[in-house]
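**Student:** Let's see this in three dimensions:
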Amino acid sequence: MIMDSHCHAWSLWPYQPPVPDSATRGSCELLQFEMDANGVDRALIVCAEIEGNPDNNQYIHDKVAELRRRFAFVIDVDSLWKDSYHQPGAAERLLAGLERWKPAGFTHYINDPAEDARWLNSADGIAMFEVANAQGALASIHCRPQHLREIRALAGRFPELRILLHHMGHPKLLEPEGLSEILATARQDNVFIKVSGFYNSTTAPPWDYPLRDVQPVVHALYQRFGASRLLWGSDYPVCCQFHSHRQAIEILRHHCRFISAADMDAIMGQNLAGLLDK
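**Tutor:** I've put the predicted structure just below:
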């Protein structure tokens, strides 16, 4: 079983430069095609209401309703590109979204690298995560290492809340203090790491597959968090700016050979299945 913890789909391609197939390049149908072609059984779609896609939550909800067996999703709530970002009423907006779309949880992108994320443990932030905790929602968080002190405090405040960090927590190989912050977060048992987005961390050109210089980061995460809290993710279709969807699988499954076969099965799908089944 292979389950993808981090992918996207959009009704309109959101990135520059413009593409000739903007209405289909990021579509849910193309995501399903790639999954079928590469043996991916199920995927967690991370909604992102970015450029040209203010209705991405609704788009994904409708697509998932047709394909519930293949997909789960987390809605975009108050991410950095929204006017509601860190404004009063976040708890109410989250609750309304959970009730309306019935997702597995929500995602929240923190403005990076300009802020220290203290909002997360403000009265408004705590109220928002209280809702997530009470509803049993996954919290899929895009952050940088400098935000993790606040995320650790939040995880300690809500020990039953399952927090999933995008793209290995965004370590940079030239900034070892960032990896130290990520590894320190392992002491919070409710924090999980998405092993995705290798190209965000490499010092090599991001298309230089298999980005071997990132493997020591994965090894460190494997040792500190253990296999049970690592989740493979493709970052499809964003990954296709650098490599194929199949390579997004094999960059971990084939090239990170320090991971045992049983642990690889857990990381490639069993762990996410357990989170979605709770």
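
**Student:** Could you list which residues are in contact with the closest residue to Glu177 other than its chain neighbours?
**Tutor:** Using CB to CB, 6 or more residues apart in numbering and skipping residues adjacent in sequence, the residue nearest Glu177 is Pro145, 7.4 Å away. (C-beta placed from N, C-alpha, C; glycine too.) Pro145 sits next to Gly169, His170, Pro171, Glu175, Glu177, Gly178, Leu179, Glu181, Ile182 when contact means CB atoms under 8 Å, 6 or more residues apart in numbering.

**Student:** repeat that for 6 Å
**Tutor:** Residues near Pro145 by CB atoms under 6 Å, 6 or more residues apart in numbering: Gly178, Glu181, Ile182.

**Student:** What strand or helix carries the first one?
**Tutor:** What that stands for is Gly178. Following DSSP states H and E, one finds Gly178 within helix 176-184.

**Student:** List of residues touching stretch 250-267?
**Tutor:** Val195, Phe198, Pro210, Gln215, Val218, His219, Ala227, Leu230, Trp232.

**Student:** buried residues in it?
**Tutor:** Using 16 or more other CB atoms under 10 Å as the test for burial, stretch 250-267 gives Ile251, Leu252, Arg253, His255, Cys256, Ile259, Asp263, Met264, Asp265, Ala266, Ile267.

**Student:** Just put these in JSON lines and tack on distance to Asp124, pLDDT and secondary structure.
**Tutor:** Formatted as JSON lines, the buried residues of stretch 250-267 follow (distance: CB to CB, whole Å; pLDDT from 0 to 100; DSSP: H, G, I helix; E, B strand; the rest coil):
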{"residue": "Ile251", "distance to Asp124": "38", "pLDDT": "98", "secondary structure": "helix"}
{"residue": "Leu252", "distance to Asp124": "37", "pLDDT": "98", "secondary structure": "helix"}
{"residue": "Arg253", "distance to Asp124": "41", "pLDDT": "98", "secondary structure": "helix"}
{"residue": "His255", "distance to Asp124": "42", "pLDDT": "98", "secondary structure": "coil"}
{"residue": "Cys256", "distance to Asp124": "39", "pLDDT": "98", "secondary structure": "coil"}
{"residue": "Ile259", "distance to Asp124": "40", "pLDDT": "98", "secondary structure": "coil"}
{"residue": "Asp263", "distance to Asp124": "39", "pLDDT": "98", "secondary structure": "helix"}
{"residue": "Met264", "distance to Asp124": "40", "pLDDT": "98", "secondary structure": "helix"}
{"residue": "Asp265", "distance to Asp124": "40", "pLDDT": "98", "secondary structure": "helix"}
{"residue": "Ala266", "distance to Asp124": "36", "pLDDT": "98", "secondary structure": "helix"}
{"residue": "Ile267", "distance to Asp124": "35", "pLDDT": "98", "secondary structure": "helix"}
